[in-house]
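# This is a predicted model, with the sequence first.
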Amino acid sequence: MRIKSTLENYLFVLPAVVIFAIFYIIPFIWVFQLGLYEWDGIMPTKTFVGLGNFREIMQDKIWWQSMVNAGYITIIALTFQNALAFLLAWACDREIRLKNFYRMVFFIPPVLSEVVVGLVWQWILDGNYGLLNNWLIQLGFPNLARNWLSDPKTALTTVAVIHSWKGFGWGFLIFLAGLQTIPKELYEAARVDGANAWQSFRKVTIPLMIPVAVLVSILTILGTMQAFVLIIAMTGGGPAYHTQVPVLRILAAMRGSSRFGYACAQGISFGVILMAISFIQYRFTKKARQA
Amino acid sequence: MRGKVLGKSFNLMLSSVLLLFAASGCTPKSQTAKPTLTVWHWMTDREPAFNELAKKYEEITGVKVNFELYAPSDAYTQKVRAAAQGANLPDIFGILGEKRDFASFIKAGFILDLTPYMEANGSIWKDSFFSEALSVNEFIEGNSYNVKPGIYGVPIDIMTIQLLYNKDLFEKLGLDPEKPPVTFQEFLDIGKKIREAGLQGLVSGWGEVWMIDCFANNYAFNIMGKDKVLATIRGEVPYTDPDWIRVFTLFKEMQDSGVLYNGIVTMINKTAEQLFANDKAVFAFNGSWCVNVYKGMNPDLNYGAFLPPQVLDQHPYSIWGGAGSSFMVSAKSPHKEEAVKFLQWLTDKNQQAYLAEATNNLPANKKSVTEIPDILASFSRSIEFATHPNVWGVSEFSAVIEAFDKGIQSIIIGEKTPEQVAAEVQAVKERELAKQERR
C-alpha cells in the first residue's frame, strides 16, 4: 500500500522530471561533452580535441577583453543601477503623492523588449540626428555632443548606463519589498530614543537591508555579465571590440566561425567564472555580516 | 480512501492520454496522390509573391506548395541547422552563410546533387541562368572543400553590391546628378564638399562587418588583382604586403576626407537603408535588394547606382555579386522529383519575371531581364564584374576575417594605423595556419 502510494506520487512528478531532463540536464551534459570536440554544427562527425578548446580560450585576448568589458558594465550596474534602485525604492516606501504611479512607472523599463529599447536609444544617441546631441546643443553645450555609440571613449560607458536604466526596475522592486518588511516599530523606537532621520537610516534601514542588497547584487552580477541583447541592438559589439561581451563571443564562435565545440568550451568557462564570482561574493558578505 | 480516489483519477488520466495518442496515429491518410511540398525561406519581402506562385502551381499541377517564412536570417540559419541534426529538413530550403557551411551540408548528405537535372536535355535548365548566379551553387573539380563536383543549388535571383548616390543631394552640393565619381580621388573630393556643406556621406552596415569585407575586397581586387588576393588567402602573400596596407589606408583616407557617415562603424544595414531612403546620406553601399527596400521606404527617392570608383586601372573592376538567394533540395526528401520540378518551374522565364516585378529583385533567368526599372537595370548591367568569395575555391579563416574587418573599424575610429592593423591580421593568419597544420 505504502509502496503503491509512493510510486503513484513519483508517477505524478515523472512528466516534469522527464521534461527537465530532456531540456536541461541532457543539454547541460552535452555542452560539457561538445566542449572537448571541434564541430561545425552540421557534419555528423566530430573531431576530439580534448582540452584544446580550453587552452585556446586561455590565449584568446578578445575573449578576456570581452570579460573585462562585461565586468565594467557590471561595476556600473552594481553602483549606479543599484544605488538608483535603492534610492527610488526608499522614496516610494514613504508616504508621498502618486506613490503607486511612480511604482508602476519605475517598473516599465525592465518589462520593455531589449531590442526595442536598444533601437530607440540608438536613435536618441545618434551622433548626427540624435535627440541627446540636439538637446546639448540647444542648452549651450555643443562641445559635449559626440557620437556616443561609435566613439571608443564613450561607447562602453554609454551601453553600461543604458543597461542600468533598463535593469534598475528589478532592483527597485526587490528593495521596495525589503523596505516594506522592516517593522515600523523599529523606526518609532529609534525616534523615541532621539535618533534623527539620517541616524534611523544608518542604524535601522541599512543593517536590515543588507541581506536584500546581497541578493540584489548577486542577481545584478549574474544578469549583467550575461547581457548581450541590448548590446547587439545598439552597437553590435563595436566599434572594433569596445563593447564585446562574453555572450557575443560565444555567438560569434557558433554562428560566425561555425565552431560549436569552441563555443561550448567558452560557455563552460564563463559559467565557472560566474559561479566563482558568486561564491566569493557570498563568502565575503557572510564574513562581513558575522563581523 | 483518498489514495484509491487519486489512483483511479490517475488511471483515468493516463488512459485518456494513451487513447488520444492512439487516435491521432490512426488518422486515415489523405486520399490525394499528389504530395505537398514544404519550402522554408527567410525572405519577408517575397512571402506574398511566393504564396501567389504556390497557388498558381497548385492550380496547374495539383501539387500543393507550402512556403514557410522564418525570419530574421539568423533565426532561419539556426532553424535549418537544428532541423538537419534532427533529420527534419523540409523538401526545399536555402543555406545562408559561407561556402564551407554549404559544403558541410553536402558532405553530411543533406543536399541533393542537381547536376543530372541541370544537364538534362542539353543543359537547357543550366543555360537559362546567369553563369555568375550558378557558380555560387557549384563546386568545381579539385575544390578545397572536398565536395564531389556538381551543382547543388538553384539561384532564384541575382544581386550585385554597389555604391548608390542621392541625386537631389548631389545637386545641393553643386554636382552634376548624372555624373557619379569615377576615380577614388573624385570620391574623396566629394567627401570634402559633403563636410563643408554639413551633410553626411556614405552609409552602410559596417557595424555588421561583412559589408566592410565586401567593400575592402572590391578595392583589394582593384589594387592588386584577383590572383594576389587569392594567394593571400592561401597564405602565400602576407597581409603586411604594401598592397594590403594600401587597401587599409583607403579607409583612413575616406574617414579623413569626410566621405563616411559619422557613426558608420556601429551601423546596421537596416539603419543605413533608412538613412539613405530619407535623404540623410549622399552615398550608400548596398545590394540590389535595396531597390525594393527604398521603394517601400520612400518611393520618391531620386538615386542612382555606380561602380566603386577605382584607385588604379591596371586590374578589372570587381564587385560582389552572383546568386542572391538560392534554394536546395533535401536529399532525404520523399518528394525529391516533385521538388526539382517545382524549382524548374519557379526559375522559368515567366515566374522569374513575375518575381522581379513583384519584389524588385533581379531575376536569375537571363530571359527575364526585359522590363525592369532603370535602377534595377543598372545593377544587372554590372553582373559581368561580379565575383564572390563562394566562387573563389578558397576561403579565409573566420578569425582572420574578423580581425580584418574589426581592424578596419579601428582605423576608421582613429585607434590604429593601417600598418598596425595589417600586422595584427597577419599575426592572426599565422596563428590559424599553425593550428591548421597541427590538425
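Arrived safely, thanks for sending.

# which stretch of helix or strand covers the nearest residue to B:Asp176 once chain neighbours are set aside?
Take B:Asp176 and drop its neighbours on the chain: the residue closest to it by C-beta to C-beta, 6 or more residues apart in numbering or on different chains is B:Phe170, 7.2 Å away. For every residue, glycine as well, the C-beta is placed using N, CA and C. Assigned by DSSP states H and E, B:Phe170 belongs to helix B:167-172.

# surely A:Thr47 meets A:Asp40?
No: using C-beta atoms under 8 Å, A:Thr47 is not in contact with A:Asp40, being 9.8 Å away.

# From B:Asp45, how far off is the nearest residue to B:Trp42 once chain neighbours are set aside?
Excluding its sequence neighbours, the residue lying closest to B:Trp42 (C-beta to C-beta, 6+ apart) is B:Tyr76, at 3.8 Å. Using C-beta to C-beta, to the nearest Å, we find B:Tyr76 at a distance of 14 Å from B:Asp45.

# Pick out whichever of these two has more residues nearby.
Neighbours were counted for B:Tyr76 and for B:Asp45 using other C-beta atoms under 10 Å in any protein chain shown; B:Tyr76 has more, 20 against 15.

# what about A:Leu88, which helix or strand?
Assigned by DSSP H and E, A:Leu88 falls in helix A:82-93.

# Next secondary structure element downstream of that helix?
helix A:99-106.

# what comes into contact with that next one?
A:Leu88, A:Ala91, A:Cys92, A:Ile96, A:Phe168, A:Gly169, A:Phe172, A:Leu176 (C-beta atoms under 8 Å, 6 or more residues apart in numbering or on different chains).

# wait, doesn't the residue nearest to B:Asp176 sit right on B:Val282?
Yes: under the criterion of C-beta under 8 Å, B:Phe170 makes contact with B:Val282 at 7.1 Å.

# Of those two, which one has the most company?
Taking other C-beta under 10 Å, B:Phe170 and B:Val282 do not tie; B:Val282 has more neighbours (29 against 22).

# distance of that one from B:Gly109?
Taken as C-beta to C-beta, the span from B:Val282 to B:Gly109 is 50 Å.

# now swap in A:Ile62 and tell me
Taking C-beta to C-beta, one finds A:Ile62 at 35 Å from B:Gly109.

# if we can go back for a sec, tell me which residues touch the residue nearest to B:Trp42, please.
B:Tyr76 touches B:Trp40, B:His41, B:Trp42, B:Tyr70, B:Gly94, B:Leu96, counting by C-beta under 8 Å, 6+ apart.

# Give me the buried entries from the residues you listed.
For the contacts of B:Tyr76, a burial check counting by 16 or more other C-beta atoms under 10 Å in any protein chain shown picks out B:Trp40, B:His41, B:Trp42, B:Tyr70, B:Gly94.

# which two from those end up farthest apart in space?
Greatest spatial distance in the buried ones among the contacts of B:Tyr76: B:Tyr70 and B:Gly94, 10.4 Å, computed using C-beta to C-beta.

# what do those two both touch?
With C-beta under 8 Å, 6+ apart, B:Tyr70 and B:Gly94 have common neighbours B:Trp40, B:His41, B:Trp42, B:Tyr76.

# among the residues you listed, which are in strands?
The members of the shared contacts of B:Tyr70 and B:Gly94 that map onto strands under DSSP state E are B:Trp40, B:His41.

# what's the span of stretch B:298-305, first residue to last?
Using C-alpha to C-alpha, to the nearest Å, one end of stretch B:298-305 lies 16 Å from the other.

# what does it rub up against?
Contacts for stretch B:298-305 (C-beta under 8 Å, 6+ apart): B:162-168, B:177-178, B:180, B:276-279, B:284, B:294, B:375, B:378-379, B:382.

# May I see the buried residues of it?
For stretch B:298-305, using 16+ other C-beta under 10 Å, the buried residues are B:Leu301, B:Tyr303, B:Gly304, B:Ala305.
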